[in-house]
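predicted structure and sequence below. I'll ask about it afterward.
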Amino acid sequence: MIDLYYWPTPNGWKISIALEELELPYETILIDILNGAQLEPWFLAINPNGKIPAITDREADGGPATICESGAILTYLAEKTGRLLPSGGAQRSAVLSWLYWQVGHFGPTVGQLSHFTSYAPTTELYAIARFSAEADRLLGILEAGLKDREYVAGAFSIADIAIWPWLLSCKFLGKTLDERPNILRWHTGMKARPAVRRGVDLHKEVRRFEAGGQRDTTMPV
């Protein structure tokens, strides 16, 4: 059994989707990041960085293991099951390259765009323009990477699971897929996967997003 410390955000969805795809039993512990639960001492003892997601694998080799950082968690779960991450060679490198692209570039850029668009106390036009342009550049990379490929590294993998939730944030922020047919095709295929749907719907009743200064409970999927 795996304990999933979770809130329905793109990073949280990565792990709920992976657990569903890998058919691993898990229990969810909601961490209400809107009210600062991630900074409570008991959670900081699990992840000193004060971020979700995190997991505790109660049945890990050598005893219970706690893993933080979404990329590390995805890699751990894939290696635990022997699925969604090739064991070696060029295919493994391709998956890890896209995974690190997401955690190092795509996620942080879209996250900053979301902050300055919807949460910052003052309008910062320079920051919005900067992160919007960078998001467009990264979407161009993803569009090119999906040419003639069903999934980003060829076969379905943890890289797809890592990237897709942040694409939802791009759509929420008004980034259209109309001129990105490869991404649109991939997005349509991803959201049709039953495990992806179960993962992104986990505790959807507590979702809260800001759109143009207005609080909303929905996100386009």
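Structure's in. What do you need? Numbering: from 1, shown residues only.

below-threshold pLDDT in the protein: ranges please.
Applying pLDDT under 70 to the chain flags residues 208-221.

can you list the domains in it?
Domain segmentation of the chain under automatic domain parsing yields 2-84, 89-198.

mind listing what Leu146 touches?
Contacts for Leu146 were tallied using Cβ atoms under 8 Å, 6 or more residues apart in numbering; they are Val152, Asn182, Ile183, Arg185, Trp186. For every residue, glycine as well, the C-beta is placed using N, CA and C.

circling back: of all the domains of the chain, which lies closest to Lys204?
domain 2-84 (6.1 Å; Cβ to Cβ).

endpoints of the closest one, how far apart?
Separation of the first and last residues of domain 2-84 by Cα to Cα, to the nearest Å is 18 Å.

show me how far that domain is from its chain's centre.
Here domain 2-84 is found 12 Å from its chain centre; the criterion is Cα atoms, centre = their mean, to the nearest Å.

circling back to that earlier point, now the domains of the chain in TSV, with distance to Lys204?
TSV is the format used below for the domains of the chain (distance: least, Cβ to Cβ, whole Å):
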stretch	distance to Lys204
domain 2-84	6
domain 89-198	11
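
as a quick check, tell me the outermost residue of the protein.
In the chain, the residue that sits farthest from the middle, by Cα atoms, centre = their mean, is Gly62; the gap is 28.5 Å.

rewinding a little: nearest to Glu205, of the domains of the chain?
Across the domains of the chain, the minimum distance to Glu205, taken as Cβ to Cβ, is reached by domain 2-84, at 8.9 Å.

ok, His187 - how many residues close by?
Neighbour count of His187, defined by other Cβ atoms under 10 Å: 19.

which non-adjacent residue is nearest it?
Residue nearest to His187 in three dimensions, not counting chain neighbours: Leu167, with 6.0 Å by Cβ to Cβ, 6 or more residues apart in numbering.

and for that neighbour, the neighbour number?
Using other Cβ under 10 Å, the number of residues around Leu167 comes to 24.

and the domains of the chain: which comes nearest Arg207?
Across the domains of the chain, closest to Arg207 is domain 2-84 (Cβ to Cβ), at 5.0 Å.

all helices for the chain, in order.
10-21, 41-44, 70-81, 89-101, 107-114, 125-145, 158-172, 181-191, 194-201 (DSSP state H).

and the ones you listed as TSV, adding distance to Asp3?
Below are those laid out as TSV (distance: least, Cβ to Cβ, whole Å):
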stretch	distance to Asp3
helix 10-21	11
helix 41-44	12
helix 70-81	12
helix 89-101	23
helix 107-114	23
helix 125-145	32
helix 158-172	19
helix 181-191	26
helix 194-201	16
